[in-house]
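**Q** below are the sequence and a predicted model for it; my questions follow.
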Amino acid sequence: MTTGVSASETSRGRAGSASRKDIRRIVAGGVAGQVVEFYDYALYGLLAASIARVFFPSDDPALGILSAFAVFGVANLMRPLGGLVLGPLGDRVGRRTVLVISVTTISISTFLVGVLPTEAAIGVAAPVMLVLLRLAQGFSAGGEVISVVTYIAEHAPPKLRGFYTAFLQSGATFSFLMASAVVLLVTAWAPGDAFDVWGWRVPFLLALPLGGVAIYLRLKLEESPVFVQLRREGELSKRPLREALFETPWLIVQGTAVVALTFSANFVFLSYFPTYLKGQGFSSQDAFLATTIGLVVSVALHPVIGLLSDRFGRKQVAVASAAFFLLLSWPIFVLLSSGSLALVIVALGIMAVGLGGAVAVTICFFTEFTSSRTRMATFAIGYNIGGAVFGGTALFLVQLLVMQTGDARSPSYFLMGAAAITLVTLLTIRSYAKPGEALG
């Protein structure tokens, strides 16, 4: 299989590498948007119980939470459509344009969740409006990750591409840490019933000022040098979606499978564990404490693992991560279901190690086996179908596994299955830009 990355494209990418000062500014603009996007995902996972009570009241709390997680999945099912629109747009009119569109949409839609009327106030219209806003969030997410990863990878020095793109995942993970801190502060400020009445809204309302900062930073960014060179030479694809679908369909299939573990592990680690730990009898405070410690470890490790991928190879680190989850998911959930807070913290720390290769390295690797002409279209389709299939179902399926089996360790089966799919796929990818080689 060939990737369509020619020698001339390689020289374009090399000539466009940004200076250290510029790349710091570029990464800051990218990370700011990632924080806003994943802040929404974090809030939805952290506040699932409150969202269930407000929008899906039920005599059975577990069914309410299952309904809330189903709506979480709806947003991910919208990601492929967002990718189909925003990915080719990035190949035709520029990466920077999509960066601004995606962060603006996610900021406004997340804010509006915070002002929605409740089911008690307007009946079934409340959950319907929640679903519509989640669809808008999913649409914007379909363009966010692909545009920012592509943008930074095309600017970064080839020998440090893994390091700089890994900061994006640190930013995304930091958003969960920030969301956790915001929720803790608001629960202290509005304890008990006050939290379900109005306190849960406050974290969502903060998305608007956060988004304003990200939009400002992104408006000051310049276009990707690879895209600029393509445009200067008249080599932009007029139909990037068609090219991606009909000329390199196998890349899309591989891309979808490569991110199976990326989405599964990420959403279980970042969005599901607070709910899971409460179900294991831990207090909200202990659940948030354990999750926060795991997030701190994850934020710190991502750039380190990115550097390791620059040194030893993107594919090698991603393969090691998939093998890690295949072998250790069960022991991790044995520790998580032990009832010991100390062992839970150890389990989350162990999982954070494997998560870096599954998330931070994989998204960079994606840019390295796609052509510059259709990079965002190919990336968008494969990545977002993977997000819909594996990310969109993750929270629902792991909660359903626990409910149906009565076994608190059963979510490990979901992670092991995803790890096996990713591992087999990684071993089939032969041709890609190696660490240290410039992107076309």
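**A** That came in fine, so what should we check first? Residues are numbered from 1 along each chain as shown.

**Q** going forward, measure contacts and count neighbours with C-alpha atoms only.
**A** Noted.

**Q** what bits of the stretch 1-150 of the chain have low per-residue confidence?
**A** Within the stretch 1-150 of the chain, the ranges that satisfy pLDDT under 70 run 1-18, 59-61, 72.

**Q** surely Thr150 and Thr367 touch.
**A** Yes - the pair Thr150 / Thr367 is scored as a contact, 6.4 Å apart, by C-alpha atoms under 8 Å.

**Q** now do the shared contacts for the two.
**A** Arg375 (C-alpha atoms under 8 Å, 6 or more residues apart in numbering).

**Q** export stretch 99-112 as PDB, just CAs?
**A** Coordinates of the C-alpha atoms in stretch 99-112 are reproduced here as PDB (Å, rounded to 0.1, in the frame of the first residue of the first chain):
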ATOM      1  CA  LEU A  99     -10.200  25.400  13.700                       C
ATOM      2  CA  VAL A 100     -12.300  28.600  14.200                       C
ATOM      3  CA  ILE A 101     -15.600  27.000  13.100                       C
ATOM      4  CA  SER A 102     -15.300  24.000  15.400                       C
ATOM      5  CA  VAL A 103     -14.300  25.800  18.600                       C
ATOM      6  CA  THR A 104     -17.100  28.500  18.000                       C
ATOM      7  CA  THR A 105     -19.800  25.800  17.600                       C
ATOM      8  CA  ILE A 106     -18.700  23.700  20.600                       C
ATOM      9  CA  SER A 107     -18.500  26.800  22.900                       C
ATOM     10  CA  ILE A 108     -22.000  28.100  22.000                       C
ATOM     11  CA  SER A 109     -23.700  24.700  22.200                       C
ATOM     12  CA  THR A 110     -22.100  23.800  25.500                       C
ATOM     13  CA  PHE A 111     -23.100  27.100  27.000                       C
ATOM     14  CA  LEU A 112     -26.700  26.600  25.800                       C
END
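
**Q** contact partners of it?
**A** 33, 36-37, 40, 133-134, 136-137, 140-141, 143-144, 147-148, 204-208, 210-212, 214-215, 218-219.

**Q** again, but for stretch 310-320
**A** By C-alpha under 8 Å, 6+ apart, stretch 310-320 touches 159-163, 308-309, 357-358, 361-362, 364-365, 423, 426-427, 434-436.

**Q** strands along the chain, start to end?
**A** For the chain, applying DSSP state E gives no strands.

**Q** just the buried subset of the contacts of stretch 99-112, written out for ChimeraX, thanks.
**A** Listed next is the ChimeraX selection for buried residues among the contacts of stretch 99-112, using 16 or more other C-alpha atoms under 10 Å:
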select :33,36,37,40,133,134,136,137,140,141,143,144,147,148,204,205,206,207,208,210,211,212,214,215,218
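
**Q** just the ones in helices from the contacts of stretch 99-112, please.
**A** 33, 36-37, 40, 133-134, 136-137, 140-141, 143-144, 147-148, 204-205, 207-208, 210-212, 214-215, 218-219 (DSSP state H).

**Q** surely Ala287 meets Pro274?
**A** Yes - Ala287 lies in contact with Pro274 (C-alpha under 8 Å); the separation is 5.4 Å.

**Q** higher neighbour count, the two?
**A** Pro274 (28 against 22; other C-alpha atoms under 10 Å).

**Q** pretty sure Phe176 contacts Tyr39?
**A** Yes - between Phe176 and Tyr39 a contact is recorded at 5.9 Å, counting by C-alpha under 8 Å.

**Q** between the two ends of stretch 185-195, how far is it?
**A** End-to-end span of stretch 185-195 (C-alpha to C-alpha, to the nearest Å): 11 Å.

**Q** any buried residues in it, and which?
**A** For stretch 185-195, by 16+ other C-alpha under 10 Å, it's Val186, Thr187, Ala190, Phe195.

**Q** now stretch 341-353
**A** Leu341, Leu343, Val344, Ile345, Val346, Ala347, Leu348, Gly349, Ile350, Met351, Ala352, Val353.

**Q** please name the nearest non-neighbouring residue to Glu37.
**A** Ile106 (6.2 Å; C-alpha to C-alpha, 6 or more residues apart in numbering).

**Q** count of residues packed around Leu308?
**A** Count around Leu308 with other C-alpha under 10 Å applied: 19.

**Q** tell me which residues touch it, please.
**A** Val317.

**Q** any idea how far the nearest residue to Ile345 once chain neighbours are set aside lies from Val296?
**A** Leaving aside its chain neighbours, Ile345 sits nearest to Ala290 (5.3 Å; criterion: C-alpha to C-alpha, 6+ apart). Computed as C-alpha to C-alpha, the Ala290 to Val296 distance reads 10 Å.

**Q** who's more crowded, the two?
**A** Ala290 (22 against 17).

**Q** isn't the more buried one right up against Val344?
**A** Yes - the criterion here is C-alpha under 8 Å, and Ala290 meets it with Val344 at 6.9 Å.

**Q** how about Phe167, what does it touch?
**A** Contacts of Phe167 by C-alpha under 8 Å, 6+ apart are Val27, Val31, His302, Pro303, Ala360.

**Q** quick check, pLDDT for the last one.
**A** pLDDT recorded at Ala360 is 82.

**Q** so it makes contact with Gly306?
**A** Yes - between Ala360 and Gly306 there is a contact at 6.8 Å, judged by C-alpha under 8 Å.

**Q** next, show the common contact partners of these two.
**A** Gly162, Thr165, Ala166.

**Q** now neighbour count and distance to Phe56 too, for those, in CSV please.
**A** Formatted as CSV, the shared contacts of Ala360 and Gly306 follow (neighbours: other C-alpha atoms under 10 Å; distance: C-alpha to C-alpha, whole Å):
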residue, neighbour count, distance to Phe56
Gly162, 32, 42
Thr165, 28, 38
Ala166, 32, 37
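
**Q** how close does the nearest residue to Leu116 once chain neighbours are set aside get to Ser67?
**A** The shortest distance from Leu116 to any non-neighbouring residue, by C-alpha to C-alpha, 6+ apart, is to Ala126 (7.0 Å). Applying C-alpha to C-alpha, the value for Ala126 to Ser67 is 14 Å.

**Q** Leu46 now?
**A** 15 Å.

**Q** now swap in Leu206 and tell me
**A** 25 Å.

**Q** now Val93: how far from Pro80?
**A** Distance of Val93 to Pro80, given as C-alpha to C-alpha: 19 Å.

**Q** the two: which is more packed in?
**A** Pro80 (26 against 15).

**Q** so who does the more buried one touch?
**A** Pro80 touches Phe139, Gly142, Ala380, Ile381, Asn384, Ile385, Ala388, counting by C-alpha under 8 Å, 6+ apart.

**Q** in a markdown table: the residues you listed, plus neighbour count and distance to Leu326.
**A** Formatted as a markdown table, those follow (neighbours: other C-alpha under 10 Å; distance: C-alpha to C-alpha, whole Å):
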| residue | neighbour count | distance to Leu326 |
| --- | --- | --- |
| Phe139 | 27 | 31 |
| Gly142 | 32 | 28 |
| Ala380 | 33 | 26 |
| Ile381 | 31 | 26 |
| Asn384 | 34 | 23 |
| Ile385 | 28 | 22 |
| Ala388 | 24 | 21 |
